[in-house]
Each structure stands twice: as C-alpha cells, then as structure tokens.
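Enquirer: after the sequence you'll find the predicted model.
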Amino acid sequence: MNLKIVITFIVLVFQTVFAFAQKSSYFDENLENEYRNINKITLQNPTKGLDLSKKLIEKAKNNNNPYYELAGMSLIDYVYKSNNDYKKLLNSSELTIAKSIQIKDYRREIEAYSSKSWALMHMGMLPEAKKILDDTSKIFDKLSLDDDNVEVMGVFMAAYGEFYNLQEKDEESIKKDYIALDYFLKIKNNNNRNMHLIDTYSNIGLAYSYQQKIDSAFFYFKTAKDLIPITKSYSKKSENIIYFGYGSGFNDEKKYKEAIPYLIKSLDISKKNGYEDIYVETLNQLSISFKESKNKNSPYYQQYLIAKKEYEQKNKLKSSEIEEIKKQGLSFFDRNKTVILSISILLISFFLYLTFYLLRKSKKIEEKHQEVTETVKEQYEEITELKTKVNDAFEEVLNLAKKNDASFLKRFSEVYDKLYNDLLKEYPQLSETQLKILFFSYLGFSTKDIANNTNTSPRTVQTHKYNIRKLIKISSDEDFIKWMRNF
C-alpha cells in the first residue's frame, strides 16, 4: 500500500522566526539561540523536540516574551502533525491560533489554521476542514510578498493539496502542490527554499506513483533526493517518502529485487523516527517484494521478518488502548444503525406515498412512477437481504472486528464459511491484510472505520483498497461494500 502524506507546510515553523524577531521588540538572543537549536532537533526527530519545546514556552512566559512562546507552540503543532496525533494537534492548533491573534502575527495565524484544517481532514471532517481553508485565504490580503510570507502561502496551498489527496483526487492534489511549489521557489534563503522543495517534490512524486505514472514519480523523487546533500536542515519524513516511493514504484514495475534495498532503507528511517504510517506501508511493500521475487535468501529477508514481528507485537500491546477509546463512545455503525434503518423505512414510505400520489395525479408520468417503485423495491430488498445476513453470530464477529482481535479472521471464516471459501477459491493470492479489508467492508465498515479499528491512516486503507481492486479487477466507481455483499 502506498500513501501520500504531504508534510510541506509543517516545516515552516523552523525558518520564520529569526528575521521577524530581529526587527521587533521581542528579540532575545538567548531565546533565539535556544529556539534555533530546538528547530534542528525537532526537524530530524519530532518526538525528541516535544519536551524541549514545552520548556521553551515556559521560559518565554517567564521572560514575558509572547513571540517565542508562540514559536514554541508552533513547534508542538509540528510534533503532533508529524506523529499523526490529530486529536492533540486539533487542541494545540486552537491555542496557537489564539496566541497568534493576540499578538497579531498573521503568518503564524495562517500556519495554525492550516494545522487545524489538517487535523480535521485526517479525522474525517472534510467539510469543516475545507471551510477553514476557504476562510483563511482571506487573511492573505494582510501579507506582503516577502520571504517569510511566500513560505506560509506555499504551506497553505500544500494543505489544500492534502485535502484533495485524502479524497484520492490526485490530479487536484498535484495542481495545488504545483502552486505551492511556485511560492517556495520565490524564497531567497537557499537552505530554507531547498527544504520546502524537498518536501514538495517528494509529495508530487508520491501523487504520480498513485496514478501509476512511475517515470514522472521517479523524476520528482530524484529531484528531491539530489537536493538533500546540499541542504543543512530538511525533514527526515520527506527522505522517508523518497525511499518508500522508489521502492513501491519498482514494485509497480515488477522490479521486485530492485525495490528491496529502497524499502529496507525506508523501514529503517520510519522505525527510528516513529513514522508508523510509512512503516506499515513499507512492511506491506516488502511483503510483496519478497513474495514475488522469491528472494528469501536475501540478507534483507530476515530484517523484514523481524520488523514485521515487532510491529505485530506492538499492535497487540495497543489493543487495550484502542478498546478504552471505543468504550468512551460507540462506533459510527453502532450509533447510527437504528437511525439508518429508520431513515430507510421513512424513505420507503415517502417514495410509496409519492408513487401513489403521482399515479392519481396524471397518467403521463406512469413510466416515472414505475422507476420510483422499482427503486423502492430494490431498497427494500437490500434492507431485507441485509437483515437476513445478520445471524446470531453477527454481533460477536462485529465486536472482534472493532477490537481488531487476532481471532477475527478465524471466527469470520467459521460464521461466513461459504463467503470465506468462495473468495479464497476465486482469489487465492489475497493476503491476510487484504482479506481483513474485504471482510471489514462486508460488515459495513467505511474506510475511516477500518482505519480507526486497525490503528492506521485512511490513506493506508485507501491504498489497500486500490491494490485489491487491481487484483480482483473491480472498477474504481464500484462500491466496495456492495461488491462484497453481492459476491
């Protein structure tokens, strides 16, 4: 599975303080030196910079210096964003917005709103994220086109790119990334400019790889990779994306042995820096490489097996945490299944009423009446069929799925033995992860639900589905859940 995590806008925080602070009454040489040091640490390893950022905030408060306090808050936003901790990012970005408004730092305000929209879109709240992006664009009028401001404008457009990326609208996403690229190319500071270019080129490359345009993807990965040796500070996550992109690209071209060294490098970077989303994707790509190349004698194979075992064990340890989260509130399916059934009945009643009303009103729309009646009939049959499939063991299987329990596949195969056996007979090449995605879909789980229950990102699940579609040859516009229930 591939993924695209656009990280361009999250590194703005590391480059924009110095020039502004020097020109203001807030400049403090000691705080500035400390801030710049934390920048370097956090850029290479976000988690290590978290405690240091909190200390910087306290020190700035003690010195009555709101500017460096805001700088520390922005660093914390970066950490949560880089670690995909979207709930914490949502809370921290709200505080950053309030502080930036207080001291009238429009650049930081745009950056913080971008962070907030990033959190919302990754939590599935796309309309709310879009509204923030649209509203924030109005602040642009308050900015001049100096070095710092073209950065934040590029950052803002990168957030728009991710908005479309999460909806798998790769063409729109690439367009926004190109606009961001135009802004970043205007930055005069060489290191600062290169840092953003590495991020953006790697993101565009990943977007092209999703479209199976491997030559274009490799061009942008190489362009980003060539900038790394001449750039003092850059995001390790971008470097991670580059190696992952090369590896997955070679897999797409069926050059499995060539993919392995790049994917092993990606695995190493993601493990050291805690990029769990890329780590999971890399494991998946490595499994494809070794399986298809039949290269189990490779020295990399044992590394892959060890990493895979460690990740699986780590997920088991997280199951209690996942369960605790789910105790705090029912899943979307549980909360809404009664409502969904009620709405369906109301819709059926409405359509029946409308049908008879139109029949009485005029014979000229008889054909339209028939169409509505057929629609109602299909909806009713679908609900009836769904009720029939819900046997005594349904709740048990559903609960195992919600917990991502290790016994889920075994129990599913017992309860739905015909479906399980027929699917494996027809598509024996399906992996265990792909089977889980299909069976989760059969149970009515959306992409977001699957991501929540398996502790992965929605983009990860989307890429799994994309690979499954290629394998079982179903079109991109065909509903996954409906296909499984009709299999």
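Expert: Looks like it arrived, so ask away.
Enquirer: ok, and what's touching stretch 66-73?
Expert: The contact list for stretch 66-73 (C-beta atoms under 8 Å, 6 or more residues apart in numbering) reads 13, 17, 20-21, 24, 26, 28, 31-32, 35, 38, 53-54, 56-57, 59-61, 92, 95-96, 99-100, 102-103, 105, 108. Quick note: C-beta positions are derived from backbone N, CA and C, even for glycine.
Enquirer: how many residues are close by the residue nearest to Ile468 when sequence neighbours are not counted?
Expert: Computed as C-beta to C-beta, 6 or more residues apart in numbering, the closest residue to Ile468 that is not its neighbour in sequence is Gln434, at 5.2 Å. For Gln434, the count of nearby residues is 19 (other C-beta atoms under 10 Å).
Enquirer: list the contacts for Gln434?
Expert: Counting by C-beta under 8 Å, 6+ apart, Gln434 has contacts 464, 467-468, 471.
Enquirer: which one among those residues gets closest to Lys213?
Expert: Asn467 (16.7 Å; C-beta to C-beta).
Enquirer: quick one: the helices in the stretch 101-250 of the chain?
Expert: 106-122, 126-136, 147-165, 170-184, 190-210, 214-227, 236-252 (DSSP state H, counting those that start in this stretch).
Enquirer: isn't Lys254 up against Glu292?
Expert: Yes: using C-beta atoms under 8 Å, Lys254 is in contact with Glu292, at 7.2 Å.
Enquirer: between the two, tell me which one has more neighbours.
Expert: Remark: of Lys254 and Glu292, Glu292 carries more neighbours, 14 against 10, as counted by other C-beta under 10 Å.
Enquirer: in the stretch 301-450 of the chain, which ranges drop under the pLDDT threshold?
Expert: 304, 308, 311-344, 349-351, 353-393 (pLDDT under 70).
Enquirer: now Ser407. Nearest residue, chain neighbours left out?
Expert: Leu400 (6.2 Å).
Enquirer: do the same with Tyr420
Expert: Nearest one to Tyr420, counting by C-beta to C-beta, 6+ apart, is Ser413 at 4.2 Å.
Enquirer: which neighbouring elements make contact with the helix or strand harbouring that neighbour?
Expert: Using DSSP states H and E, Ser413 sits in helix 408-415. With contacts taken as 3 or more C-beta pairs under 8 Å, 6 or more residues apart in numbering; DSSP states H and E, helix 408-415 sits against helix 394-403, helix 417-426, helix 432-442.
Enquirer: wait, Leu267 touches Asn284, no?
Expert: No: using C-beta under 8 Å, Leu267 is not in contact with Asn284; the gap is 10.9 Å.
Enquirer: which of the two has more neighbours?
Expert: Leu267 (27 against 24).
Enquirer: go through the helices of the stretch 101-250 of the chain and find the least confident stretch.
Expert: Comparing mean pLDDT across the helices of the stretch 101-250 of the chain, the weakest is helix 147-165, with a mean of 84.
Enquirer: give me the angle between it and helix 190-210.
Expert: 10 degrees (axes from the mean of the first three to the mean of the last three C-alpha atoms, to 10 degrees).
Enquirer: and helix 147-165, what does it pack against?
Expert: Contacts defined by 3+ C-beta pairs under 8 Å, 6+ apart place helix 147-165 against helix 17-22, helix 106-122, helix 126-136, helix 170-184, helix 190-210.
Enquirer: would you turn those helices into CSV with distance to Tyr67 and mean neighbour count?
Expert: Converted to CSV, the helices and strands packed on helix 147-165 look like this (distance: least, C-beta to C-beta, whole Å; neighbours: other C-beta atoms under 10 Å):
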stretch, distance to Tyr67, mean neighbour count
helix 17-22, 6, 16
helix 106-122, 9, 25
helix 126-136, 21, 16
helix 170-184, 24, 19
helix 190-210, 19, 24
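Enquirer: Ser216 is nearest to which of the ones you listed?
Expert: Of all the helices and strands packed on helix 147-165, helix 190-210 comes closest under C-beta to C-beta, at 4.2 Å.
Enquirer: distance from the chain centre to the closest one, please.
Expert: For helix 190-210, the distance from its own C-alpha centre to the chain's C-alpha centre is 17 Å (C-alpha atoms, centre = their mean, to the nearest Å).
Enquirer: do the same with stretch 446-466
Expert: Using C-alpha atoms, centre = their mean, the offset of stretch 446-466 from its chain centre is 9 Å.
Enquirer: start the count at 842 instead of 1 going forward.
Expert: OK, 842 is where the count begins now, so the last one is stretch 1287-1307.
Enquirer: endpoints of it, how far apart?
Expert: 14 Å (C-alpha to C-alpha, to the nearest Å).
Enquirer: so for it, what gets flagged as buried?
Expert: 1287-1288, 1290-1307 (16 or more other C-beta atoms under 10 Å).
Enquirer: ok so, going back, so which of the contacts of stretch 907-914 are in helices?
Expert: Judged by DSSP state H, these include 858, 861-862, 872-873, 876, 879, 894-895, 897-898, 900-902, 933, 936-937, 940-941, 943, 949 as members of helices.
Enquirer: that older thread, any chance of the helices and strands packed on helix 1249-1256 in CSV, plus distance to Tyr1049?
Expert: What follows is the helices and strands packed on helix 1249-1256, written out as CSV (distance: least, C-beta to C-beta, whole Å):
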stretch, distance to Tyr1049
helix 1235-1244, 34
helix 1258-1267, 32
helix 1273-1283, 24
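Enquirer: and those helices: which comes nearest Leu1026?
Expert: By C-beta to C-beta (comparing all of the helices and strands packed on helix 1249-1256), the closest turns out to be helix 1273-1283, at 39.7 Å.
Enquirer: helix or strand next in line after that closest one, which one?
Expert: helix 1288-1295.
Enquirer: in this structure Ser1128 contacts Asn1308, no?
Expert: No: if you go by C-beta under 8 Å, Ser1128 and Asn1308 don't touch, sitting 11.5 Å apart.
Enquirer: and Gln885, how far is that from Ser1079?
Expert: 12 Å (C-beta to C-beta, to the nearest Å).
Enquirer: so which of these two has more stuff around it?
Expert: Remark: of Gln885 and Ser1079, Ser1079 carries more neighbours, 25 against 15, as counted by other C-beta under 10 Å.
Enquirer: ok, now which ones touch that one?
Expert: So Ser1079 contacts 848, 1039-1040, 1043, 1065 (C-beta under 8 Å, 6+ apart).
Enquirer: from Lys1063, how far out is it?
Expert: Separation of Ser1079 from Lys1063 (C-beta to C-beta) stands at 14 Å.
Enquirer: returning to what we had before: quick one: buried ones out of the ones in helices among the contacts of stretch 907-914?
Expert: Buried among the ones in helices among the contacts of stretch 907-914 by 16+ other C-beta under 10 Å: 858, 861-862, 872-873, 876, 879, 894, 897-898, 900-901, 933, 937, 940-941, 949.
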